Structures are given as structure tokens and as C-alpha cells.
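**Q** build me a model:
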Amino acid sequence: MLSLTKLVPIIFVLLWSTGFIGARLGAPYSEPFAFLSLRFLLVLPLMGIIIWLSGRSFALTRQQVLHAVITGMLVHGIYLSGVFWAIDNGMPAGVTALITGLQPFITGTLAYFLLKEDVTPRQWIGLAAGFVGIVLVILPKMGSGVAQIPLWTVAAAFVATLGIAFGTTWQKRQPTNTDLVTGIFYQYFGALLITLPLSMTESWVITWSGDLIFALAWLVIVLSVGAVLLLMYLLQHGAASTTATLFYLTPVAAAVESYFLFGETLNFIQLIGMAIVVVAIAVCRPKQKA
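**A** Residues are numbered from 1 along each chain as shown. Model prediction:
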């Protein structure tokens, strides 16, 4: 049987891959920055209840709080703002996923230069191969819409990618003995420092519907609490470059989920791309010590 530790990456990928589904459901009913601000405002009391019920303390050192706030600004604020805004302004979700698919390679580079992680030639090859696999998975979904993509949405998607790459790298520098759950609580204050000012440029007109409520509930409970807790756990217990490669699996998992949920087809090229991604993840995993 698989141990809980080995199941964590699998569960993380499955949960994280549903993020685009929640975004797509909620997009018609709210502007992107207002939607994200509302999401984070709902997450904070939920995280507070979890901390209180588990007997944890809200008290962290000034250094720990500052570190968590910066992580939240990068991983949640900048990354999600860029992705949601790009999709809301005309970029197909598949193209967005392709651009953000650069994140593992960028994170690997940052981990090598900033964290001095030992990224082997084998892992560099795996990182590059993983991106090739992602291209093969996503390209058939792009269709002819690529030519109509506004350039500013491309810039937003790249900023989002840099945000999560720098954020996951920064998280590895977290001060020791920082409680995982309490740290995430303060991360969402950092996220609001990005999304709330941006939302002031919007109307904050929200059309409440069953789809919007479901999307918010899913993104708050499953993504912002469940998946983020798993991501922080993975970063605490593994190299940033190795953890980042899991993001290559997100579009793959999303494609498979779309096949079962929405009847979207998977062609031969996409299946080849998925196989390349799986091999790339295996190549990037560190060898187990005897």
C-alpha cells in the first residue's frame, strides 16, 4: 500500500488541477480581482477556525509573519491575479496553462542560483522534457484562438508565472519552527495586499448564482485550504525544484478530468505528451538513499 507521504503529491496534483474549473465557473459572475478578494476574505476566518480548533497559536515572530506575508503576495496574490485577469481578458485557459507551465523550469533555475540546490543534469533534462510534454498536451486545445490573444494578457500570465516561481522558492527560506497552518493564515493577508487594491479598479458587482457559490466553496475549501496546505507540506519536506515539477502534471490531470467530466477528447499527441510528463517527473525525482 502507498504510504500517506507518497499519496500527498498525488492528492495535491488532483486538487490543484481543479483550480481552472472553479475559475471558469465563477468568471461570468464577478470581475477577477473582486472574485479573488472575496475568496481570500472567506479563507481567513476558515483558517482562523482551523487554528483555534486545533489548539494552535496565532502568535508568530515578526520574521515568520513577514516571510508568510511575502509568500502569500507571490504565490496567491500575484500568481492568481495574473491567471484570473488573463483568462477574464481573452486568453484561453489552455494557453494560460502553457505559459504557467514554465514555472517548474523557472523554479528549478531559481532554486539552483538562490537556494544553492543541487540540480543535476538529469533533473535539468527532466524539467525541459516536462515542458515539451505540456506543450503536446495543450497545443491541440488551442485551436485558432492563439492569433487573437491580446499581448497584455500574455504579459499578465508571465507575471503570474514569475510570481509562483519566486513564491515557491521564497517559501523554502521559511524560518524554522514556523507552524504550517498559522503560516498559511498570514499568507492570505499578503494575498489581500495584492488583490484588494487591484479590486478597487473594478465595480464589485457580483451576480450570485449556484455556480458562483459552488465555485467559491470549492476554491476556498479545496484549493485555498486543502491544496495549499499540501503544497506547503511538500515544500517543507522536499527540494523546491523537485516539488515544482509536480505542476507539470496539473494540465495533464485537468485534461483527463475534462475527458471524464465534459467528454473532451484526448488525441494521440496528447497521450504522448502525458507519457513524456510522467517520465519527466520520474527523472526529476531524487534518487532514494539506500
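**Q** for the closest residue to residue 206 other than its chain neighbours, give me phi and psi.
**A** For residue 206, ignoring the flanking residues on the chain, the nearest one in space by C-beta to C-beta, 6 or more residues apart in numbering is residue 30 at 4.7 Å. For glycine as for every other residue, the C-beta is placed from the backbone atoms N, C-alpha and C. Backbone geometry at residue 30, expressed as degrees, to the nearest 10, gives phi -160, psi 150.
**Q** ok, now which ones touch residue 30?
**A** Residues touching residue 30, when contacts are defined by C-beta atoms under 8 Å, 6 or more residues apart in numbering, comprise 38, 205, 206, 207, 212.
**Q** how about a cut-off of 10 Å?
**A** Taking C-beta atoms under 10 Å, 6 or more residues apart in numbering as the contact definition, residue 30 lies against 36-39, 84, 88, 199, 202-209, 212, 215-216.
**Q** can I have the buried ones of these as a ChimeraX selection?
**A** Buried residues within the contacts of residue 30, by 16 or more other C-beta atoms under 10 Å, are selected in ChimeraX with:
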select :36,37,38,39,84,88,199,212,215,216
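**Q** out of the contacts of residue 30, which sit inside helices?
**A** Among the contacts of residue 30, the ones falling in helices (DSSP state H) are 36, 37, 38, 39, 84, 88, 199, 212, 215, 216.
**Q** looks like the first one contacts residue 220 (just checking).
**A** In other words, residue 36. No - counting by C-beta atoms under 10 Å, no contact exists between residue 36 and residue 220, whose distance comes to 11.1 Å.
**Q** check what pLDDT the closest residue to residue 163 other than its chain neighbours gets.
**A** If the residues on either side of it in the chain are set aside, residue 163 comes closest to residue 78, at 3.1 Å by C-beta to C-beta, 6+ apart. Per-residue confidence (pLDDT) for residue 78: 96.
**Q** thinking again about what came up before, out of the ones in helices among the contacts of residue 30, which is nearest to residue 96?
**A** Lowest distance from residue 96 to the ones in helices among the contacts of residue 30 (C-beta to C-beta) belongs to residue 84, with 9.4 Å.
**Q** touching, the closest one and residue 77? I think so.
**A** No - contact status for residue 84 versus residue 77: not in contact, 11.0 Å apart, counting by C-beta under 10 Å.
**Q** mutual contacts of the two, please.
**A** With C-beta under 10 Å, 6+ apart, residue 84 and residue 77 have common neighbours 33, 36, 195.
**Q** ok, how many other residues are close to the nearest residue to the second one once chain neighbours are set aside?
**A** If the residues on either side of it in the chain are set aside, residue 36 comes closest to residue 195, at 4.5 Å by C-beta to C-beta, 6+ apart. Neighbouring residues of residue 195 were enumerated by other C-beta atoms under 10 Å; the total is 26.
**Q** how far away is residue 195 from residue 81?
**A** Between residue 195 and residue 81 the computed distance is 6 Å (C-beta to C-beta, to the nearest Å).
**Q** related to what we said a few turns ago, so what's the residue count around the residue nearest to residue 163?
**A** 24.
**Q** who's in contact with it?
**A** Contacts for residue 78 were tallied using C-beta under 10 Å, 6+ apart; they are 72, 156, 159-164, 166-167, 190-191, 194-195.
**Q** 7 Å instead, please
**A** 159, 160, 163, 194 (C-beta atoms under 7 Å, 6 or more residues apart in numbering).
**Q** and the third one, what does it touch?
**A** This means residue 163. Residue 163 neighbours (C-beta under 7 Å, 6+ apart): 74, 78, 79, 82.
**Q** same question, the second one
**A** When the contact criterion is C-beta under 7 Å, 6+ apart, the partners of residue 160 are 78, 79, 82, 83, 100.
**Q** that older thread, quick check: PyMOL command selecting the buried ones in the contacts of residue 163.
**A** Buried residues within those, by 16+ other C-beta under 10 Å, are selected in PyMOL with:
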select buried, resi 74+78+79+82
